[in-house]
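[1] Mind looking at a prediction? Sequence and model below.
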Amino acid sequence: MPSQPSKTLDTFPNPSPGRDFQVHIEVPEFTCLCPMTGQPDFAVLIIDYIPDQLCVELKSLKLYTWSFRNEGKFHEAVTNEIADELARTLEPRFLRITAKWYVRGGIFTNVVAEHRKPGWEPQPAVPLQEFAPGSNIRG
């Protein structure tokens, strides 16, 4: 039986809950409908999160994003709705969704929504030495 869109997000246990690590997901073919005209709107969704106890299962995420295809939603509303549902389901330490909407009428729109678990603070960045290609890294 072929897959169907779904509003259910499945999860699995974080394999390394003692470490902050970033999960980066790109959904290049997100679509919904313009609530004003009914025309399709297209976006690339970029989802970055630092899991706590749960990670999102990718096939369920694909079916979840597919479920918006025939729904009329403003860019700001659908981006925040997805951020809210992922935050509710995963309870991540950190979550950021960037929706890069394709041009319509000569205007590009990017919508960014974030969630932070109360009390979570990121670890300080570790500065790393960058080397130019072909440089002598032995010093």
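    Arrived safely. Remember, predicted model here, so these are calculated numbers, not experimental data. Numbering: from 1, shown residues only.

[2] What strand or helix carries His24?
    Secondary structure here is read from DSSP states H and E; on that basis His24 sits in strand 23-33.

[3] Run through the bridge partners of the residue minimising distance to the centre of the chain.
    Closest to where the C-alpha atoms of the chain average out (Cα atoms, centre = their mean) is Ile47, at 1.7 Å. With beta bridges defined as DSSP bridges, Ile47 has these partners: Ile25, Ile97.

[4] wait, doesn't it sit right on Leu86?
    Yes - with contacts counted by Cβ atoms under 8 Å, Ile47 reaches Leu86, the gap being 7.1 Å. To be clear about C-beta, it is placed using only N, CA and C from the backbone, and glycine gets the same treatment.

[5] ok, the residue nearest to the centre of the chain - contacts?
    Ile47 makes contact with 23-27, 61, 86, 95-97, according to Cβ atoms under 8 Å, 6 or more residues apart in numbering.

[6] The residues you listed into TSV, with extra columns for pLDDT, neighbour count and distance to Gly38?
    Supplementary listing: those in TSV, determined by pLDDT from 0 to 100; neighbours: other Cβ atoms under 10 Å; distance: Cβ to Cβ, whole Å:
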residue	pLDDT	neighbour count	distance to Gly38
Val23	97	16	34
His24	97	8	33
Ile25	98	16	28
Glu26	97	12	27
Val27	98	19	22
Leu61	98	18	26
Leu86	98	22	27
Leu95	98	23	30
Arg96	98	17	30
Ile97	98	24	24
